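Asks: sequence-free structure coming up:
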Ligand code: FES
């Protein structure tokens, strides 16, 4: 899939004071002479601040890391986690269209995106709130088909459950991530087949379990932030 920088670029990019301090600290995490290794965290912080990665942002990161801008662009254009064009302010839906997800119905999810969001990918709809695109394997094929929205995965989807997620997002609600069929992690949908013993729930990594235990540990404030916070450290 060919990925290019957006045709419309801002004149410049500047890290906020808070993000600049964070970026400088990140660079110190790497050995002397290896600061280029900070390229992914710095690009990601630039994206969290602006919503996408622009050419001026790439140039700023390149300068901070003593890299040629084209080297930073190579990284930004390789990984789908970096948006090279502006995306929806509330949600950018990345639909996995690679073979396992395709065999499990990702074309139906794309149909829903076209019906409910916009005919073409990367077009921002619903007052600038939502956009979508098809991406390559998101690395969770056992829970196919799935989409990524921000840092969250919505798995075991079908057209109906995905349509509800899109409607919720359009209405300003954040749906709970994880398996949409209540499947526990990526365990078999029915009975266990290979492993004879079921993993105890307390040791399993289900999203709902994570949310529940966070509430127990930190009180209801955590639930609110998990459910409604847009994780963008704009400073
Ligand atoms: S093919 Fe969709 S997550 Fe791997």
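Replies: Right, received. Where do you want to start? Please read these numbers as outputs of a predicted model, since none were measured by experiment.

Asks: quick check: phi and psi on residue 145?
Replies: phi -90, psi 160 (degrees, to the nearest 10).

Asks: same check, this time on residue 132
Replies: phi -150, psi 160.

Asks: list the beta-bridge partners for it.
Replies: Note on residue 132: beta-bridge partners by DSSP bridges are residue 93.

Asks: now residue 41, nearest residue through space, not along the chain?
Replies: residue 26 (4.9 Å; C-beta to C-beta, 6 or more residues apart in numbering). Using the backbone N, CA and C atoms, a C-beta is placed for each residue, glycine as well.

Asks: that neighbour: what secondary structure?
Replies: In three-state terms, and counting by DSSP: H, G, I helix; E, B strand; the rest coil, residue 26 is helix.

Asks: and for it, the neighbour number?
Replies: 17 (other C-beta atoms under 10 Å).

Asks: quick one: the helices in this structure, in order.
Replies: 17-27, 39-50, 55-64, 69-78, 99-103, 106-116, 159-170, 207-218, 220-228 (DSSP state H).

Asks: between these, which gets nearest to residue 183?
Replies: Nearest of the helices of the chain to residue 183, taken as C-beta to C-beta: helix 207-218 at 10.9 Å.

Asks: can you tell me the centre-most residue of the chain?
Replies: residue 150 (3.1 Å; C-alpha atoms, centre = their mean).

Asks: wait, doesn't that residue sit right on residue 93?
Replies: No. In this structure, residue 150 is not within contact of residue 93 by C-beta atoms under 8 Å, at 9.6 Å.
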